[in-house]
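**Q** Turn this into a model:
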Amino acid sequence: MPEALVAAIDWTTLRAAPEKVHGNTLRLLVTDTLFELELQGGGHALFVIPEHKSYFDPKTQHQMLGYCVHVAHSTRDARDPPALVVPILLCHALIAWPDRPAVHPHLEGLDPKTAAVLEALQPDLRMLIDDLTRCTESELHRAGMTALGQLTFLCLRFLRSWTPAEALAGLDRWSDLLRAVDRDEGPPPGRVAVATIGWYCLHVTRIPPEQLHSTFERILQRPEETIMSTAEALKREGRTEGRIDALLRQMQKRFGPVPAETLQRLQSATQPELDRWTDRILDAKTLADVFSAGS
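**A** Alright, predicted model coming up:
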């Protein structure tokens with residue numbers, strides 16, 4: 001945040017707000033986390049709305065705009081003025097987040113002159129962007145941040161793009177942070193946090209589980225109990241992902257581009273649902289038929 005805003009906030013009032021954001025379809029959408037604060041002097045509520053992206057999504061501004069409008073107008077008494085909001089985007093895509101705002105996604109395919117007029121009339125949103133992709137390793141050792149915060153940022157920033165050898169060397173450089181996290185009483189408890197870091201390492205790198213297991217034990221100087229079981233769970237998850245990918249390809253070949261809502265539905269599906277939809281794809285005349293309750 002800009003220094004002037006940081007100084008204006010009464011940080012002793014910081015709390016997690018229980019606000020939920022509902023889309024027009026009544027499907028529950030929830031911001032990553034929502035925080036409420038007060039400005040110095042009291043009387044002015046301020047909501048901080050963070051969003052996290054691991055890839056560049058041109059719809060992010062419009063997604064955040066919906067969150068901000070909802071929070072600003074529905075979290076207070078109807079007689080009060082809209083609440084103040086600060087939208088913050090934390091991103092760690094493989095490429096830097098563009099400086100220029102993305103073109104409104106609904107304008108694609110329109111006549112350029114018509115699109116230009118409409119784009120100028122669409123509601124816009126300015127966000128504070130913390131782009132980890134633009135940060136060096138030393139810059140992510142941020143003063144005032146916990147060991148877990150620093151280690152999390154380092155893992156998000158680098159592990160996906162590193163070779164196994166580079167990732168193992170990075171973990172060695174971060175060994176002081178890893179040990180500090182392990183010994184922290186939390187929340188979250190140190191061993192829980194370390195297990196999550198181990199899961200992320202297995203999920204986004206190609207480090208052999210046995211090698212990661214021995215590396216963690218050497219750095220932590222204690223037996224490590226979760227990495228091998230996590231590796232087995234990820235194997236099972238990988239088999240499910242393979243089924244989702246195959247079903248998605250079939251849908252695209254038969255019905256054309258698949259909406260984002262359908263992809264989300266596939267990714268959250270149970271095994272029986274995947275079985276049922278795989279059977280239906282053979283005879284379905286439309287994409288809706290695949291998911292029809294009556295089929």
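
**Q** Lowest-scoring secondary structure element of this structure by mean pLDDT?
**A** For the chain, counting by mean pLDDT, DSSP states H and E, strand 28-29 ranks last in confidence among helices and strands (a mean of 51).

**Q** quick one, helices of the protein?
**A** Assigned by DSSP state H, the helices in the chain fall at 3-8, 60-74, 112-121, 147-158, 164-173, 175-183, 190-204, 209-220, 227-255, 260-267, 271-280, 287-291.

**Q** In a markdown table: those helices, plus distance to Leu132.
**A** (Glycine included, C-beta is placed from N, CA and C.) Converted to a markdown table, those look like this (distance: least, C-beta to C-beta, whole Å):
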| stretch | distance to Leu132 |
| --- | --- |
| helix 3-8 | 20 |
| helix 60-74 | 15 |
| helix 112-121 | 29 |
| helix 147-158 | 4 |
| helix 164-173 | 14 |
| helix 175-183 | 16 |
| helix 190-204 | 14 |
| helix 209-220 | 22 |
| helix 227-255 | 24 |
| helix 260-267 | 24 |
| helix 271-280 | 34 |
| helix 287-291 | 36 |
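
**Q** residue ranges with poor pLDDT in the stretch 1-150 of the chain?
**A** 19-32, 43, 75-79, 101-103, 105 (pLDDT under 70).

**Q** Can I get stretch 33-40 as PDB, trimmed to CA atoms?
**A** Below are the C-alpha coordinates for stretch 33-40, written out as PDB (Å, rounded to 0.1, in the frame of the first residue of the first chain):
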ATOM      1  CA  THR A  33     -10.000 -13.300   2.300                       C
ATOM      2  CA  LEU A  34     -11.700 -10.100   3.300                       C
ATOM      3  CA  PHE A  35     -10.300  -7.800   6.000                       C
ATOM      4  CA  GLU A  36     -11.900  -4.900   7.800                       C
ATOM      5  CA  LEU A  37     -10.100  -1.900   9.300                       C
ATOM      6  CA  GLU A  38     -10.800   1.500  10.600                       C
ATOM      7  CA  LEU A  39      -9.000   4.700   9.600                       C
ATOM      8  CA  GLN A  40      -7.300   6.800  12.300                       C
END
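
**Q** For Lys285, give its distance to Thr278.
**A** Per C-beta to C-beta, to the nearest Å, Lys285 is found 16 Å from Thr278.

**Q** Next: Ala269.
**A** Ala269 sits 10 Å away from Thr278 when distances are taken as C-beta to C-beta.

**Q** neighbour count winner among these two?
**A** Using other C-beta atoms under 10 Å, the more surrounded residue of Ala269 and Thr278 is Ala269, with 17 against 14.

**Q** what pLDDT does the more buried one get?
**A** Turning to Ala269, the model gives it a pLDDT of 76.

**Q** And for the one 5 residues further on?
**A** As summarised for this prediction, Leu274 has a pLDDT of 81.

**Q** what's the burial count for it?
**A** The number of residues packed near Leu274 is 16, by other C-beta under 10 Å.

**Q** Does Leu39 touch Asp10 like I think?
**A** Yes: Leu39 sits in contact with Asp10 when judged by C-beta atoms under 8 Å, with a separation of 6.6 Å.

**Q** just the strands in the stretch 1-150 of the chain please.
**A** For the stretch 1-150 of the chain, strands defined by DSSP state E, counting those that start in this stretch occupy the ranges 9-16, 21-22, 28-29, 35-39, 45-53, 84-91, 128-131.
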